[in-house]
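# below is the structure, and that's it, no one-letter string:
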Ligand SMILES: Nc1ncnc2c1ncn2[C@@H]1O[C@H](COP(=O)(O)OP(=O)(O)OP(=O)(O)O)[C@@H](O)[C@H]1O
Ligand SMILES: [Mg+2]
């Protein structure tokens, strides 16, 4: 059941019709972005009615006794919905997921895994209480220092090119290795 | 037994960290055993300027709280055998360390090193009090601006109150041409107000920005004029008599200043 949203305030903020959009081109001239008008027609703000009432979902979650799902019960995870900035430190007994960047000078210490849906440039310590199975994954994995359990690795000195795809770090044969993050790679293996 | 020198300024951003990194590196290049202590807890920079950020595991707060041994927290420089850094903590604040703990820390460090150089945070609050607590000598950095000089004057007063007598002055970011035109305070104007001995004068130098971003102090670059100024200051600290370098062809005022230089 889809319907058009009324009073779409945010739309006006995003795209203003016939505004001049500055595109930094070589000449530094003002250019009207030909796309800005078109964008407006492309974006459709819709409100979707939940197919199931929230109360019902909550009740079914509480009732769930599926043994397979019980495996996850003692897994603690927090979701950080902001950029972690220099001087900020997140310490958590469990796994940490960041929807944002982790900037240089910041620190994330987790007893479980660390996932960053953005650029990871600070210091991270996964499996901080000794879990060698812990992993660190990020869209852009360029940490100042990366620790898993009691292994410490650091960025090479000087500038280096970080790849433009998600990567994951884990301990393999006693050393920390960084690999391309492959979708579904862990599907059948045990969850750590 | 080494000596403990604090680099301070009052006003922020005048070049304390740049000075600490460069004088420290220059002293190490002369063969001395040097440790640089970053007391700017919560806003640490010295590790970045030295290009050592990626090596930090323990910091000054871990040491003072007994979470690790001093040896574990000291980071060896990648270029000079004798140069070490004790980094500040980034995720704590100034109250994490007390002046008494700093005194003890400095006492320990000077047993091992010829020079213990302390990078002080801006301001006159707890961070400043920590930084000067264990120091035996002080260097005040200022720029040729009325506000910076005013703050330097305040700091000199506070240093005297803390029994740190006879601080030395560094004037940073001087532009001889502007001074000549009368658009910038001259060294003489500054000394006239502060009435302390000069340790050195550092010209405004783009190389400082370049080298800072690369994590390689300017003293390692033989073409950097600021680097040269810092190398000279390091030698003055060791007791050598080094004339003030010629900032431009403007020898007149330099000669008049020569008599004012000296550290010991
Ligand atoms: N001689 C110079 N020529 C050009 N730029 C300089 C010079 N000295 C310092 N700078 C620049 O000034 C800025 C501030 O320097 P620095 O970080 O050393 O100051 P600070 O006193 O330690 O600051 P804070 O009070 O924040 O600790 C830096 O960007 C540095 O590159
Ligand atoms: Mg500083």
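Yep, that arrived. Here the structure is a predicted model, which means the values were calculated and not measured. Ligands and ions are numbered 1, 2, ... in the order given.

# worst-scoring helix or strand of chain A, pLDDT-wise?
For chain A, using mean pLDDT, DSSP states H and E, the weakest element among its helices and strands is helix A:9-14, scoring a mean of 36.

# and residue A:88, how many neighbours?
Neighbour count of residue A:88, defined by other Cβ atoms under 10 Å in any protein chain shown: 18. To be clear about C-beta, it is placed using only N, CA and C from the backbone, and glycine gets the same treatment.

# and the closest residue to it other than its chain neighbours, what does it touch?
Leaving aside its chain neighbours, residue A:88 sits nearest to residue A:106 (4.9 Å; criterion: Cβ to Cβ, 6 or more residues apart in numbering or on different chains). Residues near residue A:106 by Cβ atoms under 8 Å, 6 or more residues apart in numbering or on different chains: A:84-90, A:122-123, B:90-91.

# and those near ligand 2, which?
The subset of the contacts of residue A:106 lying close to ligand 2, counting by Cβ under 5 Å from the ion, is empty.

# can you put the residues you listed in TSV and add distance to ligand 1, secondary structure and pLDDT?
Listed next are those as TSV, based on distance: Cβ to the nearest ligand atom, whole Å; DSSP: H, G, I helix; E, B strand; the rest coil; pLDDT from 0 to 100:
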residue	distance to ligand 1	secondary structure	pLDDT
A:84	22	strand	96
A:85	17	coil	96
A:86	13	coil	94
A:87	13	coil	93
A:88	19	coil	94
A:89	21	strand	94
A:90	25	strand	96
A:122	20	coil	96
A:123	21	strand	96
B:90	13	coil	92
B:91	17	coil	91
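
# which helix or strand contains residue A:177?
Per DSSP states H and E, residue A:177 falls inside strand A:175-180.

# which residues of the stretch 101-250 of chain B lie near chain A?
Residues of the stretch 101-250 of chain B lying near chain A by Cβ under 8 Å from any Cβ of the partner chain: B:214-215.

# enumerate the residues of the stretch 101-250 of chain B near ligand 1.
Counting by Cβ under 6 Å from any ligand atom, the stretch 101-250 of chain B comes close to ligand 1 at B:121-122, B:172-173, B:202, B:204-205, B:208-209, B:212, B:226.

# can you rerun that using 5 Å?
B:122, B:173, B:202, B:204-205, B:208-209, B:212, B:226 (Cβ under 5 Å from any ligand atom).

# which two of the residues you listed have the greatest separation?
Farthest pair in these (Cβ to Cβ) is B:122 and B:205. Separation: 21.5 Å.

# on that earlier part again, pLDDT averaged over the strand holding residue A:177 - what is it?
Taken as a whole, strand A:175-180 has a mean pLDDT of 93.

# can that strand be found next to chain B?
No: against chain B, strand A:175-180 shows no contacts by Cβ under 8 Å from any Cβ, the least distance being 14.1 Å.

# touching, residue B:68 and residue B:62? I think so.
Yes: using Cβ atoms under 8 Å, residue B:68 is in contact with residue B:62, at 4.8 Å.

# between the two, point out the one with more neighbours.
Legend: neighbour count by other Cβ under 10 Å for residue B:68 and residue B:62, higher for residue B:62 (19 against 13).

# please report how far the more buried one lies from ligand 2.
21 Å (Cβ to the ion, to the nearest Å).

# around chain B, which positions in chain A sit nearby?
Counting by Cβ under 8 Å from any Cβ, chain A comes close to chain B at A:86-89, A:104-107, A:123, A:144-145, A:152, A:154-155, A:157-158.

# residue B:35 in helix, strand or coil?
Judged by DSSP: H, G, I helix; E, B strand; the rest coil, the three-state class of residue B:35 is strand.

# is it bridged to anything, and to what?
Per DSSP bridges, the residues bridged to residue B:35 are residue B:84, residue B:116.

# which residue packs closest to residue B:189, ignoring adjacent ones?
Counting by Cβ to Cβ, 6+ apart, the residue nearest residue B:189 is residue B:144, at 7.8 Å.

# name the helix or strand for that neighbour, please.
Applying DSSP H and E, one finds residue B:144 in no helix or strand.

# and for residue B:32, nearest residue in space, chain neighbours not counted?
What sits nearest to residue B:32 in space, not counting adjacent residues and going by Cβ to Cβ, 6+ apart, is residue B:114, at 4.2 Å.

# tell me which residues in the strand or helix carrying residue B:202 are buried?
Counting by DSSP H and E, the element that carries residue B:202 is strand B:197-203. Residues of strand B:197-203 classed as buried under the neighbour-count rule (16 or more other Cβ atoms under 10 Å in any protein chain shown) are B:198-203.

# determine how far that strand lies from the middle of the whole chain.
Strand B:197-203 sits 12 Å away from the centroid of its parent chain (Cα atoms, centre = their mean, to the nearest Å).

# and the next helix or strand past the biggest helix by length in chain B?
Of all the segments of type helix in chain B, defined by DSSP state H, the longest one is helix B:146-161. Remark: after helix B:146-161, the chain's next helix or strand is strand B:168-174, criterion DSSP H and E.

# so for the following helix or strand past that next one, what gets flagged as buried?
Sequence-wise, the next helix or strand downstream of strand B:168-174 (DSSP H and E) is helix B:176-181. Residues B:176, B:179 are the ones in helix B:176-181 that count as buried (16+ other Cβ under 10 Å).

# for helix B:176-181, the averaged confidence score.
Averaging pLDDT along helix B:176-181 gives 93.

# show me the shaky parts of chain A.
Scanning chain A for pLDDT under 70 picks out A:1-53, A:61-65, A:70-74, A:159-160, A:184-192.

# which parts of it are helices?
For chain A, applying DSSP H gives helices covering A:9-14, A:35-42, A:54-63, A:67-70.

# ditto for the stretch 1-150 of chain B
Applying DSSP state H, counting those that start in this stretch to the stretch 1-150 of chain B gives helices spanning B:16-29, B:46-49, B:60-64, B:70-73, B:99-112, B:126-133, B:146-161.

# tell me the most buried of the ones you listed?
helix B:16-29 (a mean of 27; mean count of other Cβ atoms under 10 Å in any protein chain shown).

# run the chain-centre distance for stretch B:179-187.
Centroid separation between stretch B:179-187 and its chain, computed with Cα atoms, centre = their mean, is 24 Å.

# can you get me the start-to-end distance on it?
One end of stretch B:179-187 to the other measures 9 Å (Cα to Cα, to the nearest Å).

# mind checking how far the residue lying farthest from the centre of chain B is from residue B:111?
Distance from the C-alpha centroid of chain B peaks at residue B:181, with 29.2 Å (Cα atoms, centre = their mean). Distance from residue B:181 to residue B:111, counting by Cβ to Cβ, to the nearest Å: 50 Å.
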